[in-house]
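K.L.:
3D model of this:
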Amino acid sequence: MLNKVMIIGRLGRDPELRYTQSGSPVATLNVATDESYMDRDGNKVERTEWHRVSVFQRQAENCANFLTKGSLVYVEGSLQTRKWQDQNGQDRYTTEIKAQRVQFLDRRSDGPRADMGGYEDDYGAPAPAPRAPRGGNMGGGQRQAPRRPAPQQRDDDLGPAFPSEASNMDEVPF
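P.N.:
Okay, here's the model as predicted:
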């Protein structure tokens, strides 16, 4: 059997990073893909599809550290359907992409490693250098590692089934 998904799209908002009760990082990406075609009358029709992507372990932290709303990404993974309960106790189902590989496709000129194209996976290409915080780090001092926030959300409470049900998702990032 084959369960394989490959998409290229832009983030509709900044990645959401949380930690499981066991301390494992999980990031949620909302990725927009688009397609356009001509209808029978010759009018161009554009359609945007939103994909919820779950990223795990070191890839999750890299996504949270280096991606922002509008970032272009390649995601490779598999489809996974899960069941959860809404605020009224109703069973809801959502299908999302469980990422095995996330590659950053934006080329940025704000660091010495910007030409490397982005983070691929835990086994291959290195992650790009973090962007300097506003105000810069020009003094040559050492950068501090990003702080790991305390666990905030449980595994089984991952929010609405579709990104459009969440706030601030009316705007398409391209």
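
K.L.:
neighbours of Glu16, just the number please.
P.N.:
Here the number of neighbours of Glu16 (other C-beta atoms under 10 Å) works out to 18. From N, CA and C alone the C-beta is placed, and that goes for glycine too.

K.L.:
likewise Thr68?
P.N.:
Neighbour count for Thr68, taken as other C-beta under 10 Å: 13.

K.L.:
which residues does it contact?
P.N.:
Contacts for Thr68 (C-beta atoms under 8 Å, 6 or more residues apart in numbering) come out as Leu11, Asp14.

K.L.:
Would it be right to say that it lies in a helix?
P.N.:
No. Under DSSP: H, G, I helix; E, B strand; the rest coil, Thr68 sits outside any helix and is assigned coil.

K.L.:
Give me the distance between it and Leu29.
P.N.:
Between Thr68 and Leu29 the distance is 11 Å, computed by C-beta to C-beta, to the nearest Å.

K.L.:
Quickly list what's touching both of those two.
P.N.:
Counting by C-beta under 8 Å, 6+ apart, the contacts common to Thr68 and Leu29 are Leu11.

K.L.:
Tell me which stretches of this structure form strands.
P.N.:
5-11, 16-19, 25-38, 44-56, 72-85, 91-104 (DSSP state E).

K.L.:
As TSV, those strands with distance to Asn62 and mean pLDDT would be great.
P.N.:
Shown next, in TSV, are the strands of the chain (distance: least, C-beta to C-beta, whole Å; pLDDT from 0 to 100):
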stretch	distance to Asn62	mean pLDDT
strand 5-11	14	98
strand 16-19	10	98
strand 25-38	9	97
strand 44-56	8	97
strand 72-85	11	96
strand 91-104	8	97
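
K.L.:
got those strands as CSV, with distance to Ala64 columns?
P.N.:
CSV is the format used below for these (distance: least, C-beta to C-beta, whole Å):
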stretch, distance to Ala64
strand 5-11, 11
strand 16-19, 4
strand 25-38, 5
strand 44-56, 9
strand 72-85, 13
strand 91-104, 11
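
K.L.:
On the strand side of things, show who Gln80 bridges to.
P.N.:
Following DSSP bridges, Gln80 is listed with bridge partners Glu96.
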